[in-house]
Structure formats: C-alpha cells, structure tokens
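# Dropping the sequence and predicted coords here.
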Amino acid sequence: MVRELIFWLSKKPAVTQAVARRGMKSGFARRFVPGETLAEALGVAEEICRTGRKISLNQLGESVKTPEEAHAARDSYITMLRELSARHIDGNISIKLTQLGLEQNREMCESLTMEIARTAKELGLTVEMDMEGSALTDVTIEIFESVCERFDNAGMAIQAYLFRTEKDLERLARFRPKIRLVKGAYREPAKIAYQGKKDVDASYHRLIDRLLAGDFSPIFATHDPMMVAHVQDAVRRLGFPANRYEFEMLYGIRRDLQEQIHAAGQPLRVYIPFGSQWCPYFMRRLSERPANCLFVLRSLIAESSRQESSHN
Ligand SMILES: Cc1cc2nc3c(=O)[nH]c(=O)nc-3n(C[C@H](O)[C@H](O)[C@H](O)COP(=O)(O)OP(=O)(O)OC[C@H]3O[C@@H](n4cnc5c(N)ncnc54)[C@H](O)[C@@H]3O)c2cc1C
C-alpha cells in the first residue's frame, strides 16, 4: 500500500520537483545517487574499485524525445567509456535503449548502440543493457542479438517476473551471453508477469539454476539474501568458476550484504547511477522499501531545524 502510494507520487511532477530541489543539496539523495556529474560518479567509482570491487556506471535518464538527445546520450556513454579506460577503473557502463531513441527510431537506436559497443570493444571494456518495460522487451532482445552477432562484450538484463523469460534464455543461449538476472522493476499486468513476491522469488530461483546450468556468464543483480545464498550454494556445489559469474548491487543498497559478499571473496559489481535526472530513480528506490522514506524525512526535519536556528 505504502509502496503503491510512493510509486504513484513518483509520477507526480510537483512531488518529484520538490524532492529534486532539495535532494542533492541536503544530501539525502546521495545515499543512492553519488552525484549529478560524471566527475562525482568517477570519484566514487575509483574509491569502490580500490577495495577490489568492480563498478557499472549508469547515466540516469529515460525516453529521450529527439534524435539530438539520443546522439547526446551516445556521446556521454562514449565519454564514460573513455574516462573509465583513461583512469584504469575496473568497470563498464550500463545503457538504457530509450535514452538512445528506441521509442522514436529503432534503426537509429540500434546504430548508436552498435557504436557504443564498438568503442567499448576497442577499449577492452564491456557494456550492459538495462531492460525496461514489457512493451520494449522484444525489440531490446532483438537489438541485443544484433550486437552479439558482431561483438562479444555485451550483456543484457532479463526480468524474473516475466513469464516469458525462460524462453528468452533458450533463444539467447547460442551467444553464450552475459545475462544480468533481475527481479524486475516495472509495473506489469498479471497476464504476462508474476505479481506476488513468492512467485517472483520462485522464478528467480529457477532462473539462477538455468543460468548456472548453461553456457551463460550470469550476473546476479539482487539484494535479496535468500537469492544470494541460493547462488552461493549452487556455485560451490557446481564448482562454477568465479571469473564467469558475479553479483551486482545498486550503490547504497544493502551495504551490509555487499560487504559480506566481498569479504567472502566473491565477485561483486556496484551499479553507480549519476546525473541530473536522478529523481525518478531515487523515488523507485524509496517505493521498493518504504523504510527508506524515514531517513529522507529525518534529513528534511534536520535541515529545517538547522534553517530555523540560523534564522533565529
Ligand atoms: C545491479 C542492478 C541492476 C538492475 N537493472 C534492472 C533492469 O535493467 N531492469 C529492471 O527492471 N530492474 C533492474 N533492477 C531492479 C530490480 O529489478 C529490482 O527492482 C530491485 O533490485 C529490487 O529487487 P531485489 O532483487 O533486490 O529483491 P527484493 O525482494 O525487492 O528485496 C530484497 C531485499 O533487498 C533489500 N532492498 C531491496 N530494494 C531496496 C531498497 N530500495 N532500499 C533498501 N533495501 C532494499 C531489502 O532488504 C529487501 O528485503 C536492477 C537491480 C540491480 C541490483
């Protein structure tokens, strides 16, 4: 219920603008988004990599409206790749196809994606493609397939809540691809997606086993300790090589679990989002865990009492 309410509020411009005005300034947004600029994200990335973890950089923003915006997003992704390489940061980038104009012009989007994958390949880096709402699943998979036909450095997210996902994996197996398994972050209808946590978790379990049984290089992107334990048991039992799988978690979420995985010597990548359009991402993180709202409230209360005492 609280989750639905926050999700609903996250679509209200008046609310998101109010959050956006204060989030970075008063600091509460930095818990999940280290900053608005690439320089800030790279600073955090360097710190994380120094501890032996990897990172994935993601410039926030979805659904561009014009070809110019799509080309600008391509340019930023390429700059991100060049900076990672120049600074010897052990990381890659995560891209969203709607930022590259998927909803306006599929051919343009595919060609921009190809340019990004080619640049990454030349620099010896990898690219991960995020998966968005179900209206875009087919076309995202098709573009991923054409990238895989030309390059071997791309990965893609698939969502455990969709009924179709096991079939999609069968279709993709021929590329032996890097697959990021997520539970799924969008609201999808009951005719195509599991709705309850129990069913989504059961699907995630099955897909862990499927990925570890095949020729995939799986990325387990979850903060769920039960899923993490299932992966840890399975890789141990199967003797699955540590250089063929990894865990991936969002910056600032379940830092305790991230620490535990890293301390156990298991591969961990931290997904670092940054950019001026951080608000919808931030609101999604709040909606996933209403308890997160408490620290926002605490931070706002502390800020207004600071302001009051400076006015007094
Ligand atoms: C690296 C990465 C990449 C992703 N890429 C995509 C993508 O491309 N497409 C897509 O649809 N989704 C993506 N997601 C989001 C994903 O689909 C889920 O919505 C999100 O990860 C929450 O699911 P969970 O597996 O953590 O499990 P849940 O069952 O949601 O949570 C399990 C536990 O994790 C902790 N937790 C989860 N979320 C939060 C939070 N916001 N704050 C604090 N604690 C929390 C809590 O302890 C919770 O009990 C990605 C997630 C990660 C980690």
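Arrived safely. Residues are numbered from 1 along each chain as shown.

# how about the helices in the stretch 201-312 of the chain?
For the stretch 201-312 of the chain, applying DSSP state H, counting those that start in this stretch gives helices covering 225-238, 255-263, 279-288, 291-311.

# comparing these, which gets the lowest mean pLDDT score?
Lowest mean pLDDT of these: helix 291-311, a mean of 63.

# quick one: buried residues of whatever helix or strand Arg74 lives in?
Element membership of Arg74, judged by DSSP states H and E, is helix 67-86. For helix 67-86, a neighbour-count test (16 or more other CB atoms under 10 Å) marks 69-71, 73-74, 76-78, 80-81, 83-85 as buried. (C-beta placed from N, C-alpha, C; glycine too.)

# Any chance of a markdown table for the residues you listed, columns pLDDT?
Rendered in a markdown table, the data for these read as follows (pLDDT from 0 to 100):
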| residue | pLDDT |
| --- | --- |
| Glu69 | 96 |
| Ala70 | 97 |
| His71 | 97 |
| Ala73 | 96 |
| Arg74 | 97 |
| Ser76 | 97 |
| Tyr77 | 97 |
| Ile78 | 98 |
| Met80 | 98 |
| Leu81 | 98 |
| Glu83 | 98 |
| Leu84 | 98 |
| Ser85 | 98 |
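
# Does stretch 53-68 reach the ligand?
No - for a cut-off given as CB under 6 Å from any ligand atom, stretch 53-68 has no contacts with the ligand; the smallest distance is 7.0 Å.

# buried residues in stretch 172-184?
If you call a residue buried by 16+ other CB under 10 Å, then stretch 172-184 has these buried ones: 172, 175, 177-184.

# can you check stretch 217-230 too?
Within stretch 217-230, the residues that qualify as buried by neighbour count (16+ other CB under 10 Å) are 217-224, 227-228, 230.

# End to end on that stretch, go ahead and measure it.
End-to-end distance of stretch 217-230: 17 Å, with CA to CA, to the nearest Å as the criterion.

# before we move on, what about stretch 210-225?
Separation of the first and last residues of stretch 210-225 by CA to CA is 19 Å.

# contacting residues around it?
Outside stretch 210-225, the residues that touch it by CB atoms under 8 Å, 6 or more residues apart in numbering are 128, 155, 157, 166, 169, 173, 176-183, 201, 204, 208, 227-228, 231, 234-235, 238, 240, 244-250, 253-254, 257, 269, 271.

# Make JSON lines from the buried residues of helix 67-86 and add distance to the ligand to it.
As requested, the buried residues of helix 67-86 are arranged in JSON lines below (distance: CB to the nearest ligand atom, whole Å):
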{"residue": "Glu69", "distance to the ligand": "20"}
{"residue": "Ala70", "distance to the ligand": "19"}
{"residue": "His71", "distance to the ligand": "23"}
{"residue": "Ala73", "distance to the ligand": "16"}
{"residue": "Arg74", "distance to the ligand": "19"}
{"residue": "Ser76", "distance to the ligand": "18"}
{"residue": "Tyr77", "distance to the ligand": "15"}
{"residue": "Ile78", "distance to the ligand": "21"}
{"residue": "Met80", "distance to the ligand": "16"}
{"residue": "Leu81", "distance to the ligand": "18"}
{"residue": "Glu83", "distance to the ligand": "20"}
{"residue": "Leu84", "distance to the ligand": "17"}
{"residue": "Ser85", "distance to the ligand": "22"}
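
# Spit out the contact partners of Leu162.
Per CB under 8 Å, 6+ apart, neighbours of Leu162: 134, 137, 184, 188, 192-193.

# Quick one, which of the residues you listed are buried?
By neighbour count, with 16+ other CB under 10 Å, the contacts of Leu162 hold 134, 137, 184, 188, 193 as buried.
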